[in-house]
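Chemist: The sequence and its predicted three-dimensional model are supplied below.
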Amino acid sequence: MTKKKNSITILVAEDDPDDRLLVREALEDIRLCNQLNFVADGRELIDFLRAKGDYADRAGQPLPSILLLDLNMPRMDGREALKIIKTDPALRQLPVVVLTTSKAEEDIYRTYDLGVNSFITKPVTFVALASMMAILTSY
Amino acid sequence: MNNGTSEMKPASTSPKRRIAAYLILGSGLIVAFMAVRGVTWQGSVALHTTMESVATLLAAVVGAIALLRYYARRESKILYVGAGFLGTAFLDGYHTLVTSAFFKPMMPSNLPSLIPWSWIASRQFLAIFLVLSCLAWIYERRHRGHVFVTPAFVYLSTAVFAAVSFLFFVIVPLPRAYYSELFFHRPEEFGPAFFFLLALIGYLYKGGWRRDSVDHWLVITLIVSLIGQAVFMSVSGKLFDFEFDAAHTLKKISYLCALTGFLASMYQVLKNSNSLNVKLRQEVLERQREQVILLRVQADLRDSEEKARTTLETMADGVVTIDTAGIVKSFNPAAESLFGYEAAEICGANVDKLMPGAFGAHLDGDSKTNLKIRKELVGERKDRSKFDIELSLSEMKIGAACMFTGVIRDISPRKRDEAELKKYAESLRRSNFELEQFASVASHDLQEPLRKVQAFGDRLRRKYAQELDGQGSDYIDRMLKSTARMQSLIDSLLSFSRISTKGKPYQPVDLNEIARGVTDDLEIVIRENNVALNIEDLPVIDADPHQMRQLFQNLIGNAIKYRRAGVDPIVHVSAHVAPAPCGLAGGEQSRFCQITVSDNGIGFDNAYAEKIFVIFQRLHGRGEYDGTGIGLAICRKIVERHGGSIEATGKANEGARFVASLPVSQVLEEA
């Protein structure tokens, strides 16, 4: 079981260090101590996925299993990055979970039909992550 | 100067019957002559003198009447007839005298010559004058307006003819008159007969006999004269025989006929003048009546003119009349004080002086419909200062002329107020917008750190619970409870600010459906608390459906939430549509729906009726009733966004009653 989970790589696009910490701890709680990467904004995220710029060394490596995406980030925000991902044939298959600050915000984004697989309202807790993982692994 | 027409009405007898009468008369006389011819009769000088005296008198009367008629109505024809008869009267009189027993010895001729010749003189004279009367008529008809001969000439010639005749018989010895060897013993009688025939033909040709009784009877006179002359007298064998006296009788009859004609004509004239009089009198009366009406109309006109003038002068609005060229024609006192001009100095000037550039070169009146416009313009006073005016211009037609009346009202105070109001509304709108932005942004940004406090507090409790003592855990619990409350306050604030920032457009909403949805949501609470929820039929109004749902949810939810312990809650929802209540914007045509939600709950003191609508204001401690105190604030905000109002009345421990008034129809889309 652990072995299987080990194969899961998670990319978190989040600029807030507190939230990064909380995500990391929540993932630890559900014993998902696998490969976890963080990027701080949309541009870094795209570079990471396309193995460009600072992430050129990632060339040849597979895409992460899941992307946890915060929409409010500096430089390039989550919405813009999401648009690029969803229009790029190479990236389109990547499951995306959007992190929102409130349930109301989630309701709004749902109506935009951004091609998002799921939403998690911050703070990312053990319970929320666990249920999300259950959904995603069923894909 | 007459062609036989007259003012007389056509005689009742038709021309055909008159022709028949003439023929019967003529042939009747001839037949009578045939029948009685040869009768033995011997008159005398005395009889002759008597008969001729009568004839003289008759001829004089006829002549006098005819001349009277001539002077009443100048017809030369009648002048000749009159003169003819008058002359005949003289000659007849003379004939009577010279043939009387008294004068006979003085005459140079004997009776058998004197009687026929002086007889013929009279007959000849009359016949010629009757012919002349015809000729006068013919001449004057041909030469319209020319008089055949003057009366003086006629009288003179009559006098001369008569005088010549007198002298002739006195001086000249006459030839014999009777020719017994001939068939016609007195052939000289055909002389006058010929002229009578001419006159008869002339009068028949003239045609006046068809209508005119004078002409008609003259024709008869001529027939009788002609026959008397040609048939009777011409065959008289000797003096005073039957034919002789018959001819004398016929002469008198002929005079009588002429007299009848004139009398009949006079009768007609008199009769007509009588009916003419009646008609004239009626016309006079009619005129008098019209005069009275006219006077009354004039008085009314003066009255209304006076009223109109007073109205114009005392009117608060300026009234200016201009013509199509834009020239000021009148200027009332109110206009004087508006513009600072005296009426006298502005009348005659172009309206451009008062309202620069308001009109083109000239105004075109629409020929069909009367122009009527109302617009706001800038007026210019005498001192060149400008002010806002409202001009109502209407076209009026006075006969063919076209004028324009302008009613002018100074609207600069109103304009100023409007501008101020607009400015105020703008600043209010801005500050409102800022407040809403503030609430929205603040609640978003406030959430961020709060969320972290919650998250790390949670981590703290989860990971270090064992390491904390009881008091430490309690602190953490209290801290987390506080953050949870803060979270709900922020959520409330956010939803409150969203009422105006995230409001949806209005659409027709069936409030029955809304109430049903709310009842479904509250189903569990209703069942658990044994609530009697009674909802009457509700109308359809223009509103934001989501907010209507919020409104009903909050009001019904509150009614259940603030129930009295031990009393089954009764909640009543009703609505009725009424005209706009006082103090609310909206014209008379806008109707309002009053929604009432009343309960039998704990109620409240009316002193707090306003306070309960203020955000985060609560009448109860959190220990008793849960909540942030946002529900009614949201209700008020929703109702006010819809242009309505909400009020609450309550009585402690008896119940509360909320009345929300909402416009039934919304006109403007909210910006």
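Modeler: On my side now, so go ahead.

Chemist: Grab the nearest non-local neighbour of residue A:82.
Modeler: residue A:114 (5.4 Å; Cβ to Cβ, 6 or more residues apart in numbering or on different chains). Glycine gets a C-beta too; all of them are placed from N, C-alpha and C.

Chemist: Check residue B:579 too.
Modeler: residue B:591 (6.0 Å).

Chemist: for residue B:503, same thing?
Modeler: residue B:544 (5.6 Å).

Chemist: got a list of what the one you found touches?
Modeler: Neighbour list for residue B:544: B:503, B:504, B:505, B:506, B:507, B:509, B:638, B:641, B:642 [criterion: Cβ atoms under 8 Å, 6 or more residues apart in numbering or on different chains].

Chemist: What strand or helix carries the first one?
Modeler: Read that as residue B:503. For residue B:503, there is no helix or strand it lies in under DSSP states H and E.

Chemist: Does it touch residue B:547 like I think?
Modeler: Yes. The criterion here is Cβ atoms under 8 Å, and residue B:503 meets it with residue B:547 at 6.8 Å.

Chemist: Kindly report the residues of chain B close to chain A.
Modeler: Applying Cβ under 8 Å from any Cβ of the partner chain, we find that chain B lies next to chain A at B:444, B:447, B:448, B:451, B:452, B:454, B:455, B:456, B:458, B:459, B:491, B:494.

Chemist: Now the lengthiest helix in chain B: average pLDDT?
Modeler: Criterion DSSP state H: the longest helix present in chain B is helix B:242-314. If you average the pLDDT over helix B:242-314, you get 89.

Chemist: Could you do stretch B:482-495 as well?
Modeler: 85.

Chemist: What lies in contact with it?
Modeler: A:102, A:104, B:439-440, B:442-444, B:446-447, B:450-451, B:453-454, B:457, B:615-616, B:628, B:630, B:634.

Chemist: Who are the contact partners of the residue nearest to residue B:134 when sequence neighbours are not counted?
Modeler: Leaving aside its chain neighbours, residue B:134 sits nearest to residue B:202 (3.1 Å; criterion: Cβ to Cβ, 6+ apart). Residue B:202 makes contacts with B:131, B:134, B:135, B:137, B:138, as judged by Cβ under 8 Å, 6+ apart.

Chemist: how about the strands in chain A?
Modeler: A:10-13, A:36-39, A:66-70, A:96-100, A:118-121 (DSSP state E).

Chemist: Compare those and say which comes out lowest on pLDDT.
Modeler: Comparing mean pLDDT across the strands of chain A, the weakest is strand A:118-121, with a mean of 81.

Chemist: Report the strands that pair with it, each with its relative direction.
Modeler: Strand pairing for strand A:118-121, determined by DSSP bridges: strand A:96-100 (parallel).

Chemist: what's near enough to touch residue B:389?
Modeler: So residue B:389 contacts B:338, B:355, B:376, B:377, B:378, B:379, B:408, B:409, B:410, B:411, B:412 (Cβ under 8 Å, 6+ apart).

Chemist: Just give the number of residues close to the fourth one.
Modeler: Residues near residue B:377, counting by other Cβ atoms under 10 Å in any protein chain shown, number 19.

Chemist: can you give me the helices for the stretch 101-250 of chain B?
Modeler: Using DSSP state H, counting those that start in this stretch, the helices of the stretch 101-250 of chain B run over B:111-142, B:151-171, B:190-206, B:213-227, B:242-314.

Chemist: can you tell which of these is closest to residue B:466?
Modeler: Set against residue B:466 and scored by Cβ to Cβ, these come closest in helix B:242-314, at 98.2 Å.

Chemist: What's the mean pLDDT across the helix or strand just after the closest one?
Modeler: For helix B:242-314, the succeeding helix or strand toward the C-terminus, using DSSP H and E, is strand B:318-323. Mean pLDDT, strand B:318-323: 88.

Chemist: helix or strand right after strand B:318-323?
Modeler: strand B:328-331.

Chemist: could the strands of chain A be laid out in a markdown table, adding distance to residue B:536 and mean neighbour count?
Modeler: Putting the strands of chain A into a markdown table (distance: least, Cβ to Cβ, whole Å; neighbours: other Cβ atoms under 10 Å in any protein chain shown) gives the following:
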| stretch | distance to residue B:536 | mean neighbour count |
| --- | --- | --- |
| strand A:10-13 | 55 | 24 |
| strand A:36-39 | 60 | 18 |
| strand A:66-70 | 50 | 25 |
| strand A:96-100 | 42 | 22 |
| strand A:118-121 | 41 | 18 |
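
Chemist: Now distance to residue B:246 too, for those strands, in a markdown table please.
Modeler: Formatted as a markdown table, the strands of chain A follow (distance: least, Cβ to Cβ, whole Å):
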| stretch | distance to residue B:246 |
| --- | --- |
| strand A:10-13 | 162 |
| strand A:36-39 | 166 |
| strand A:66-70 | 159 |
| strand A:96-100 | 154 |
| strand A:118-121 | 154 |
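
Chemist: Mind checking the ones you listed for the one nearest to residue B:332?
Modeler: For the strands of chain A, the distance to residue B:332 is smallest for strand A:96-100, at 72.8 Å, taking Cβ to Cβ.

Chemist: what angle do the closest one and strand A:66-70 make?
Modeler: 30 degrees (axes from the mean of the first three to the mean of the last three Cα atoms, to 10 degrees).

Chemist: Just the CA coordinates for strand A:96-100, please, in PDB.
Modeler: Provided in PDB are the C-alpha atoms of strand A:96-100 (Å, rounded to 0.1, in the frame of the first residue of the first chain):
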ATOM      1  CA  VAL A  96      -5.900  19.900 -10.800                       C
ATOM      2  CA  VAL A  97      -7.300  20.600  -7.300                       C
ATOM      3  CA  VAL A  98      -7.900  24.300  -6.700                       C
ATOM      4  CA  LEU A  99      -7.400  25.700  -3.200                       C
ATOM      5  CA  THR A 100     -10.000  28.300  -2.200                       C
END
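
Chemist: Tell me which residues are up against that strand.
Modeler: A:14, A:19, A:66-71, A:78, A:82, A:85, A:106, A:109, A:114-122, A:124, A:132, A:136.

Chemist: Kindly provide the distance from residue B:242 to residue B:50.
Modeler: 17 Å (Cβ to Cβ, to the nearest Å).

Chemist: swap in residue B:606?
Modeler: 140 Å.

Chemist: Kindly report the residues of chain A close to chain B.
Modeler: A:18, A:22, A:25, A:101, A:102, A:104, A:122, A:123, A:125.
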